[in-house]
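Chemist: attaching a predicted model along with its sequence, questions to come.
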Amino acid sequence: MSSHKPPARNPASPTQSQRFIRRPRRRTLLLGWAILAALGWLGYLPFVGGAVPGVHGLAWAYSKLFAIALLTLLPVIVLWFAGGLILCLLLLLSFYLNWQQSAPRGVAKVVWLLVADVLLLVALLPALLAGYAPQAKQDIALWGITYRTVYVAFPLDDNYGDLMLLSCRSLGLCHSVYRGYTDISSAGEAALTFNAETNQVALRLEGQWVYVRSPDEVLCSQSPQATSSNGSCSFVPNE
């Protein structure tokens, strides 16, 4: 009697298993990129522009990605020039018999590298457009509010920018209550003062009181440039 052997099962080829592993990795990377891009374009950039509320600590952490964004920008510029030369070289080599299989793989790797660098640059671009440098801070326990001043400027040329005054609650959610154009030195010297007797808080910028408020309303708000003609806001600090 002839014995019939059961058909041998073909194990999954290495290429199939590698594709199965790579797909979840690519999905994870794309998900991480989408979160980072949304954080920058929908959260960080509108927040530093004063359009929407935001979390101070999260904005500060994202702004620290400026160095990574700058380091990403340089390779992208280089790769776009060098990548074109490499692609042309690989395409020429693909006409030879020995390179017909390896050249397309090399082309695909170069293309994926360029795409990955461009996507990373897009996600980190808001950190290149607007810097976020915290300055003064004033906790007012009676109001349950923390006021912060943040200098917002173009990181590559931050001599002039805006000083943004934030009103922050206990959970860290902040919104902009004042914004004035100034220089980096004046922003570093800006001071927040609270007078417990009058129950008022004030911001001093460029040697003038530019913002004063009570718990219920804003008493005075003007730009540093307007104080030269209109005079500064009226505020009496603690003795």
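Modeler: Yes, it's here. Numbers count the residues shown, from 1 in each chain.
Chemist: now the helix or strand containing Gln135: how far from the chain's centre is it?
Modeler: Assigned by DSSP states H and E, Gln135 falls within strand 133-140. Distance, stretch centre to chain centre, for strand 133-140: 20 Å (Cα atoms, centre = their mean, to the nearest Å).
Chemist: list the buried residues in it.
Modeler: Ala133, Pro134, Gln135, Ala136, Gln138, Ile140 (16 or more other Cβ atoms under 10 Å). Quick note: C-beta positions are derived from backbone N, CA and C, even for glycine.
Chemist: next one: stretch 216-228
Modeler: Of the residues in stretch 216-228, those buried by neighbour count under the rule 16+ other Cβ under 10 Å are Leu219, Cys220, Ser221, Gln222, Ser223, Pro224, Thr227.
Chemist: quick one: that stretch to chain centroid distance?
Modeler: The chain centre lies 29 Å from the centre of stretch 216-228; the measure is Cα atoms, centre = their mean.
Chemist: for the protein, which segments count as strands?
Modeler: With strands called from DSSP state E, the chain shows them at 54-55, 133-140, 145-152, 160-168, 173-183, 191-195, 200-205, 208-213, 218-221.
Chemist: of all the buried residues of stretch 216-228, which comes closest to Lys64?
Modeler: The closest of those to Lys64 turns out to be Pro224 (Cβ to Cβ; 28.0 Å).
Chemist: adding distance to Ser63 and pLDDT, write the buried residues of strand 133-140 out as CSV.
Modeler: Below are these laid out as CSV (distance: Cβ to Cβ, whole Å; pLDDT from 0 to 100):
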residue, distance to Ser63, pLDDT
Ala133, 8, 96
Pro134, 9, 96
Gln135, 13, 96
Ala136, 17, 96
Gln138, 21, 96
Ile140, 25, 96
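Chemist: for Gly207, state which of the residues you listed is nearest.
Modeler: Proximity of these to Gly207 (Cβ to Cβ) peaks at Ala136, which lies at 14.7 Å.
Chemist: surely the closest one meets Thr193?
Modeler: No. Here Ala136 does not reach Thr193: they are 9.5 Å apart, not a contact under Cβ atoms under 8 Å.
Chemist: report the two of the buried residues of stretch 216-228 separated the most.
Modeler: For the buried residues of stretch 216-228, the maximum inter-member distance is 17.3 Å, found between Leu219 and Pro224 (Cβ to Cβ).
Chemist: where does pLDDT dip in the protein?
Modeler: 1-23, 72-73, 75-77, 79-108, 110, 227-229, 239 (pLDDT under 70).
Chemist: per the record, what domains does the protein have?
Modeler: Following automatic domain parsing, the chain resolves into domains at 19-129, 133-230.
Chemist: just say which of these is most tucked in.
Modeler: With neighbours taken as mean count of other Cβ atoms under 10 Å, those reach their highest mean count in domain 133-230, at a mean of 17.
Chemist: span of that domain from start to end?
Modeler: Taking Cα to Cα, to the nearest Å, the first and last residues of domain 133-230 lie 29 Å apart.
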